[in-house]
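In: the following comprises the amino acid sequence and a computationally predicted model.
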Amino acid sequence: MTPVFSLRSLPFLLVISAAVLTVGAGPEPAPAPAPLGLAATARQLQAIHPAEEWDVPPAARSLMAAWKQQIRDFIGRELNGGPYQSAPAERIRADLKAALVREGVPASREPSPGAEGPYGWIGDVDVRRPEGHDRLLAVTVTQDISCGSDASLYLFQWERGSWQLAFALESNGYEQVNGGLGSFQFGVSPPDKQGGFFIVAASINPWCSSSWQGIHYRAYRLGGDPLRPVPFFDESAGIFEWDYTLTVEADRFRVTFPGNQSLDVDILVRDYVRAFRVTGTKAERIGPLAKEPQGFIDEWIGQPWEIAKRWTLHPERPAMKAWHERLKERKEDLSTSFDSLEACDPNRSQATLDLDPDKQAKPLPLVLYFTVRSQGDDFRMERIDVSKEAGCSIKP
């Protein structure tokens, strides 16, 4: 006899069937939540392995720009979500780093060779309260990149009861790693009587080889779009290795670094001093021009006459300008070297510069003598001649 089933008995049978199918299987583990926000972008960056370590793949370029925006916005939210109006910088730094850990992007990298690529890592977060500014907070975020690092600077200003982004310095979209802001330093001048100030940022381009790279330093005033700041001063130079000093004062700044001695390859490296006085949005070169006589001569020849004449004892003498123009024009063509440095008196010294034979129509002499006068920590060009000044002796 064929059994008869009613609709009333059907739910019971379905439950029994389901129970039979799952006997012994146990509950399935819940899938791990997918990383969101900062962590998700970091994972995407870490999955990128460039074919050449100095190249930044297109996918990494766009993701790095997006990640910087996410980090910038995240910092703004965190600052405005806590009691940070007058908190010490070290406490804010610790809280920001802890918040990044909670987001899944700690400000440190655990080594895992070969597992992840060079991008998508935060190397450090720094927080400062610039001297003299009780309503200003500076946050620097340094990302690891291939062959170096890339920093971003954010200045937040306390206005209308909250932290507002006033200035953002980022480098985005670069195709090779030398576009990053490596070995980054910055300074904020103390406020003037009107409360105005300027910002100086310096960096060295990352690269995968060579001790010779480029140093780039720029000065800014607040104003306009904080995400697209325009410098009122911008200069670059060659640097040997990565050690330099940046100092910023109320109306001036100085960058010192080792660079090449172009008048004598045997000396190779000399100390460079780039010092400027800031007035409004104008930066004027001030002394010292160099730290020693040979470096001063190199610097003096390389400057435009409008600058060099300020470091000349007798700029009204036609011979001084004529020597400067001839030497500056030929500086890159001739091989030169310093022979000796002699003391003429406690404040004056004479340097001998040997020049290779010159085949031009108006050839330069084979030997030139430069008399340099010390003035405090600076120098002045006193004399250039083909004949040696009497009364000078070799320095011990």
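Out: Structure received.
In: and the helices in the stretch 51-200 of the chain?
Out: In the stretch 51-200 of the chain, helices defined by DSSP state H, counting those that start in this stretch lie at 58-80, 89-102, listed in chain order.
In: how many other residues sit next to G161?
Out: 8 (other Cβ atoms under 10 Å). Where you see a C-beta, it was placed from the backbone N, CA and C, and this is true even at glycine.
In: what of S149?
Out: The burial count assigned to S149 is 19, neighbours taken as other Cβ under 10 Å.
In: so it touches T142, yeah?
Out: Yes - applying Cβ atoms under 8 Å, one finds S149 in contact with T142, separated by 5.2 Å.
In: got any residues that touch both of the two?
Out: Contact criterion Cβ atoms under 8 Å, 6 or more residues apart in numbering; residues shared by S149 and T142: 123, 184.
In: how much space between the closest residue to S171 other than its chain neighbours and F74?
Out: Closest residue to S171 in three dimensions, ignoring its sequence neighbours and counting by Cβ to Cβ, 6 or more residues apart in numbering: L181, at 5.1 Å. L181 is 19 Å from F74, where distance means Cβ to Cβ, to the nearest Å.
In: what about those two, which has more around it?
Out: Using other Cβ under 10 Å as the criterion, L181 and F74 rank with L181 on top: 27 against 18.
In: now the helices of the stretch 51-200 of the chain as a markdown table including distance to D298?
Out: As requested, the helices of the stretch 51-200 of the chain are exported to a markdown table (distance: least, Cβ to Cβ, whole Å):
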| stretch | distance to D298 |
| --- | --- |
| helix 58-80 | 39 |
| helix 89-102 | 41 |
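In: could you identify which of those helices is most buried?
Out: Per residue and on average, the most neighbours among the helices of the stretch 51-200 of the chain fall to helix 58-80, with a mean of 18 (mean count of other Cβ atoms under 10 Å).
In: and the nearest residue to S236 once chain neighbours are set aside, what element?
Out: Taking Cβ to Cβ, 6+ apart as the measure, S236 lies nearest to H216, with 4.7 Å between them; neighbours along the chain are not counted. Under the criterion of DSSP states H and E, H216 resides in strand 212-221.
In: and if you look at W323?
Out: Under the criterion DSSP H and E, the helix or strand holding W323 is helix 318-330.
In: wait, a helix at C344?
Out: No - assessed by DSSP: H, G, I helix; E, B strand; the rest coil, C344 does not belong to a helix; its assignment is strand.
In: that one contacts T371, doesn't it?
Out: Yes - counting by Cβ under 8 Å, T371 is a contact partner of C344 at 6.7 Å.
In: need the overlap of contacts for these two.
Out: Common neighbours of C344 and T371 (criterion: Cβ under 8 Å, 6+ apart): 350, 389.
In: these two - which one has more neighbours?
Out: For C344 and T371, the more surrounded residue by other Cβ under 10 Å is T371, and the numbers stand at 21 against 18.
In: how about the helices in the stretch 201-350 of the chain?
Out: Assignment of helices within the stretch 201-350 of the chain using DSSP H, counting those that start in this stretch yields the ranges 293-302, 305-308, 318-330.
In: what is the second one packed up against?
Out: The contact analysis (3 or more Cβ pairs under 8 Å, 6 or more residues apart in numbering; DSSP states H and E) places helix 305-308 against helix 318-330.
In: and the helix it packs on, how far from the chain's centre?
Out: 35 Å (Cα atoms, centre = their mean, to the nearest Å).
In: mind listing what's buried along that helix?
Out: Buried residues in helix 318-330, counting neighbours by 16 or more other Cβ atoms under 10 Å, are found at 320, 323-324, 327-328, 330.
In: return the per-residue confidence for E116.
Out: In the predicted model, E116 carries a pLDDT score of 83.
In: near it, how many other residues are there?
Out: Burial of E116, expressed as a neighbour count using other Cβ under 10 Å, amounts to 19.
In: ok, I286 next?
Out: The burial metric for I286, expressed as a neighbour count using other Cβ under 10 Å, is 15.
In: in contact with it, which residues?
Out: 252, 275-277.
In: mind redoing it with 10 Å?
Out: Residues near I286 by Cβ atoms under 10 Å, 6 or more residues apart in numbering: 252, 254, 273-277, 310, 378.
In: adding neighbour count and distance to K291, write those residues out as JSON lines.
Out: As requested, those are arranged in JSON lines below (neighbours: other Cβ atoms under 10 Å; distance: Cβ to Cβ, whole Å):
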{"residue": "R252", "neighbour count": "17", "distance to K291": "17"}
{"residue": "R254", "neighbour count": "18", "distance to K291": "12"}
{"residue": "V273", "neighbour count": "21", "distance to K291": "6"}
{"residue": "R274", "neighbour count": "22", "distance to K291": "12"}
{"residue": "A275", "neighbour count": "18", "distance to K291": "11"}
{"residue": "F276", "neighbour count": "20", "distance to K291": "17"}
{"residue": "R277", "neighbour count": "13", "distance to K291": "19"}
{"residue": "R310", "neighbour count": "15", "distance to K291": "18"}
{"residue": "D378", "neighbour count": "17", "distance to K291": "10"}
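In: okay then, goodbye and thanks.
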